[in-house]
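Participant: my questions are about this predicted structure, shown below with the sequence.
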Amino acid sequence: MAEDMKVQAQKAKKAAQLLATVSTQKKNDFLGDLAQRLEGEQSRIEQENQKDIKIAVENNMKSGFIDRLILNKKRIQGMADGLRQVAALADPVGEVISGWKRPNGLMVTKVRVPLGVLAIIYEARPNVTIDSIGLGIKSGNSLVLRGSSSALNSNRLLILLARESLRQYSLPEDSVQLIESTSHDDIAQLLALREYIDVAIPRGGAGLIHNVVTHSQVPVIETGVGNCHVYVDKEADLGMAERIVMNAKIQRPSVCNAVETLLIHQDIAKIFLPQVSMSLKKAGVEIRGCEQARQILPDLIPATEDDWKTEYLDLILAVKVVKTLNEAIEHINTYGTRHSESIITENYSNAKNFMEKVDSAAVYVNASTRFTDGEQFGLGAEIGISTQKIHARGPMGLQELTTIKYVVYGTGQIRNA
């Protein structure tokens, strides 16, 4: 299997060299064609997806996991719409970021170019397959995709459709490769192919990301783990706060930008905690509270140290009552994963303090953490949410999938010193 992966990576490398110079129009035509194929093959996609769901149910997978696996009419249409949105965005490849003339007459320009070959390693969500292809091809990158065994039937068909669209517009089919092996050992072997893979991007839980970072011999952009917080300040509009907390927790609890911990200022806790907990419990949310929270609501499950560190991806919420804004900030910076954090407040100074001191990729004032998303940010879609600081941070759209090249124009200059 390792040899097969090497061959696939070699093919992807050759394809990337061709794809780097493809016109914007040709890439956009491909995206439009693939969007149409997804819509036209909706029933077929759902049939293959049902095979994956059936296996997941038989294996007693959690409801959150199954939710991430599902491809229904709405989600398939969303994938198609996402491709069209990417097509409508400016092509970053070839953009001259800056340029200047040196005293010796050399003209130095800084130009955007593709990263090359992206190895995307992800769990469950087959929509990541299409998001990756759309953004990867538009930014001139080829892709080696390694989804999980749980979505193998869905991913096989989606890759087949993508390769048909590539062929339709005379683009290199080998730009998109699917690693069908489901062995965890093969991930390390894939990540050892430094000669062919330029960047590895893991999308999934903490275990997957740790595994990729530990074993990779190619550069890694960490994405995905979202232990996100909402802090309700003592000067918050409590009606607004409840709406935001409910949206951030229950709108789609199985994704990385859902809130996992609610922090409440002690001055409003006796009013707000009973109010919001009633709504949360009606929605089926299990609440785990700190000691002070349980003094207000004794029926809350006691929160442990592990609860502050956990990305539940489920209808579970940890609640902590804090004495000050600074305590909330310290808690977030201690336990958060640098993903998305929100403060609900009517106090400008408190909002400014929170935004400046919280160290995360996305920081919100009076809005749900659920907006940390490429489409919601106007990026069309995203490969993932980067929680690191080098190269890219936050939703990784087209520009984040490029690097730079210095293109220097001369008239015969030579260096003498």
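Facilitator: In hand now; what should we look at?
Participant: quick check: the gap between residue 12 and residue 52.
Facilitator: Noted for residue 12: a distance of 25 Å to residue 52, by CB to CB, to the nearest Å. Quick note: C-beta positions are derived from backbone N, CA and C, even for glycine.
Participant: between the two, tell me which one has more neighbours.
Facilitator: Neighbours were counted for residue 12 and for residue 52 using other CB atoms under 10 Å; residue 12 has more, 28 against 23.
Participant: show me what contacts that one?
Facilitator: Going by CB atoms under 8 Å, 6 or more residues apart in numbering, residue 12 touches 117, 142-144, 174-175, 177, 196.
Participant: what helix or strand is it on?
Facilitator: helix 2-19 (DSSP states H and E).
Participant: let me see the mean pLDDT of that helix.
Facilitator: In this model, helix 2-19 carries a mean pLDDT of 92.
Participant: just the buried residues of that helix, please?
Facilitator: For helix 2-19, burial by neighbour count (16 or more other CB atoms under 10 Å) applies to 5-6, 8-13, 15-16, 19.
Participant: and for stretch 305-313?
Facilitator: 307-313.
Participant: domains in this structure, by residue range?
Facilitator: 2-223+383-409, 228-371 (automatic domain parsing).
Participant: per-stretch mean pLDDT over those domains, give me the minimum one.
Facilitator: Of all these, domain 2-223+383-409 has the smallest average pLDDT, which comes to a mean of 94.
Participant: strands of the stretch 301-417 of the chain, start to end?
Facilitator: Here the stretch 301-417 of the chain has its strands, by DSSP state E, counting those that start in this stretch, at 301-302, 316-322, 340-344, 362-365, 385-386, 394-395, 402-409.
Participant: in its sheet, which strands sit next to the first one, and in what direction?
Facilitator: What it means is strand 301-302. strand 286-289 (parallel) (DSSP bridges).
Participant: and the helix or strand following the partner strand, what does it pack onto?
Facilitator: Next helix or strand after strand 286-289 toward the C-terminus (DSSP H and E): helix 291-296. Applying 3 or more CB pairs under 8 Å, 6 or more residues apart in numbering; DSSP states H and E, one finds that helix 291-296 contacts helix 266-282, strand 316-322.
Participant: now for residue 417, how many residues are close by?
Facilitator: Applying other CB under 10 Å, we find 2 other residues in the vicinity of residue 417.
Participant: isn't residue 344 up against residue 236?
Facilitator: Yes. With contact defined as CB atoms under 8 Å, residue 344 reaches residue 236; the gap is 4.2 Å.
Participant: between these two, which one's more packed in?
Facilitator: Between residue 344 and residue 236, counted using other CB under 10 Å, the more crowded position is residue 344 (27 against 23).
Participant: picking that back up, filter the contacts of residue 12 down to just the ones in strands.
Facilitator: Secondary structure from DSSP state E places 117, 142-144, 177 of the contacts of residue 12 in strands.
Participant: relative to residue 129, which of the residues you listed is nearest.
Facilitator: Comparing those against residue 129 with CB to CB places residue 143 closest, at 9.2 Å.
Participant: now stretch 176-193: how far from the chain's centre is it?
Facilitator: Distance, stretch centre to chain centre, for stretch 176-193: 20 Å (CA atoms, centre = their mean, to the nearest Å).
Participant: make 13 the first number, not 1, from now on.
Facilitator: Sounds good: first residue 13 from here, last item stretch 188-205.
Participant: how far does that stretch stretch from one end to the other?
Facilitator: Stretch 188-205 has an end-to-end distance of 17 Å (CA to CA, to the nearest Å).
Participant: for that stretch, which outside residues touch it?
Facilitator: Residues outside stretch 188-205 that contact it (CB under 8 Å, 6+ apart): 13-14, 16-18, 20-21, 23-24, 131, 133, 145, 148-149, 154-161, 164, 167-168, 171, 174-175, 178, 209, 212, 223-224, 227-230.
Participant: may I see the ChimeraX selection of the buried members of those?
Facilitator: Command for ChimeraX that selects the buried part of the contacts of stretch 188-205, burial taken from 16+ other CB under 10 Å:
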select :17,18,20,21,23,24,131,133,145,148,149,154,155,156,157,158,159,160,164,167,168,171,174,175,178,209,212,223,224,227,228,230
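Participant: next, the buried residues of stretch 274-292.
Facilitator: For stretch 274-292, the neighbour count (16+ other CB under 10 Å) marks 274-277, 280-281, 284-285, 288-289, 292 as buried.
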